[in-house]
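>>> The sequence and its predicted three-dimensional model are supplied below.
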Amino acid sequence: MSMTDSLAKDVGVKLSCDALVVSRASYYRWKNQGEDLEKEYVRPLSPLALSPYEQQRVLDTLHDERFVDKAPQEVYAALLDGGSYLCSVRTMYRILEAHKEVKERRNQLRHPVYTKPELLAERPNQVWSWDITKLKGPAKWTYYYLYVILDIFSRYVVGWMVASRELGTLAKKLIKQSCEKQGIQSSQLSIHSDRGPSMTGKPVVFLLADLGITKSLSRPHVSNDNPYSEAQFKTLKYRPEFPERFGCAEDSRSFCQDFFSWYNTEHYHSGIGFLTPEDVHYGRAEQIIKERQAVLNDAFAKHPERFKGKLPKPMALPEAAWINKPVLEISDPLRH
């Protein structure tokens, strides 16, 4: 329409409109409304759309260390569980697409390097390992949570608890009670666990600091970093009487009471010379091994031929228990 107006200045409106096949009514309507109609149409912002500030907040959340390698659906669910709503999953995708970040988010995470834990116990109450496992409740998706603290040298369970939830405050209570019962002194003990929220939360971290206990954590997704707790849970769940489901919390506590009593006082543990955890933990192992040796000496004296002339010995108690025993590298003198 601006071309029509420009030509009209030279030849007049009628000839200009006829030449450019524009009705004079349309020309005058345009002229009266001003040249704003010539400008490019800009779609107004929808009242439902996020503001630039809100969009940036969503993007910052998607870039957060917790979510940088997660799909928007996972981020959306995690935010809801934390009591927060930023936008829909589709909006998250639109924002990522606008910043060319849609295709592969897993490559964006910078994984920190975690130190391999190396812990040595040469006596009881030097290193404890603790963990939490689920026990199935009466209905689908219902669980009870079993907290267990284990001495890695003696394999003695120093504390356990069944609860309806996994909470750092409950873990704090169990650790504190176990330390009091065992008479733990400052700088005496290291406690090892995986990186679950109860293990790394403030209640447990502050308690360990107050008690002068060294905190040790497994590397993420490395079950071998917590072998003693894993093995103890396996022993629990492979017992013939272990049920598929527990009818109520009291049933699970009653079962665990019987199990841990058996485990500590009657179970001949292969990892500690087929002694019971209680005997090792409370210093009775040496005397028991001497008594076993006396029985073998007597048997050998009566029938040495049955032992091919070699005096039998009972299985010894290991001198130490390790979490990730370091491998000694033997240097080759020929390389120097």
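Yep, it's here.
>>> okay, CA-based contacts and neighbour counts for the rest of this
Fine.
>>> which SS class is residue 134?
With DSSP: H, G, I helix; E, B strand; the rest coil as the basis, residue 134 sits in strand.
>>> which residues touch residue 157?
Each residue near residue 157 by Cα atoms under 8 Å, 6 or more residues apart in numbering is listed here: 148-151, 260, 264, 277.
>>> out of those residues, who's nearest residue 306?
Relative to residue 306, the closest of those is residue 277; by Cα to Cα it sits at 31.7 Å.
>>> Report the separation between the closest one and residue 265.
Going from residue 277 to residue 265 by Cα to Cα, to the nearest Å gives 7 Å.
>>> Between these two, which has more neighbouring residues?
Counting neighbours by other Cα atoms under 10 Å for residue 277 and for residue 265 shows that residue 277 has the greater number, 26 against 14.
>>> ok, that one to residue 284 distance?
Residue 277 is 10 Å from residue 284, by Cα to Cα.
>>> circling back to that earlier point, and the contacts of residue 157, which of them are in helices?
Judged by DSSP state H, helices contain the following of the contacts of residue 157: 260, 264, 277.
>>> now the first one, nearest residue through space, not along the chain?
The shortest distance from residue 260 to any non-neighbouring residue, by Cα to Cα, 6 or more residues apart in numbering, is to residue 157 (7.3 Å).
>>> The one you found bridge partners, please.
residue 150 (DSSP bridges).
>>> Which parts of the stretch 1-150 of the chain are helices?
2-11, 13-20, 24-33, 52-63, 72-81, 89-98 (DSSP state H, counting those that start in this stretch).
>>> Can you name every helix or strand that the helix or strand that contains residue 208 contacts?
Element membership for residue 208, per DSSP states H and E: helix 202-211. Where contact means 3 or more Cα pairs under 8 Å, 6 or more residues apart in numbering; DSSP states H and E, helix 202-211 is packed against helix 168-182, strand 214-217.
>>> Mind listing what's buried along the following helix or strand past the last one?
Following strand 214-217 in sequence order, the next helix or strand is helix 227-237 (DSSP H and E). Of the residues in helix 227-237, those buried by neighbour count under the rule 16 or more other Cα atoms under 10 Å are 228-230, 232.
>>> ditto for stretch 257-269
By neighbour count on 16+ other Cα under 10 Å, the buried set for stretch 257-269 is 259-260, 263-264, 267.
>>> Sort out which one of those lies nearest residue 305 for me.
For the buried residues of stretch 257-269, the closest approach to residue 305 (Cα to Cα) belongs to residue 267, at 32.3 Å.
>>> Can I take it that that closest one is in a helix?
No - under the criterion used here (three-state DSSP), residue 267 is coil, not part of a helix.
>>> between the helices of the stretch 1-150 of the chain, which gets nearest to residue 197?
Nearest to residue 197 among these is helix 72-81 (14.3 Å), distances taken as Cα to Cα.
>>> I'd like to check the angle between the closest one and helix 89-98, please.
Taking axes from the mean of the first three to the mean of the last three Cα atoms, to 10 degrees, one finds helix 72-81 and helix 89-98 inclined to each other by 130 degrees.
>>> roughly how far out does helix 72-81 sit from the chain middle?
Remark: helix 72-81 is offset 17 Å from the chain centroid, using Cα atoms, centre = their mean, to the nearest Å.
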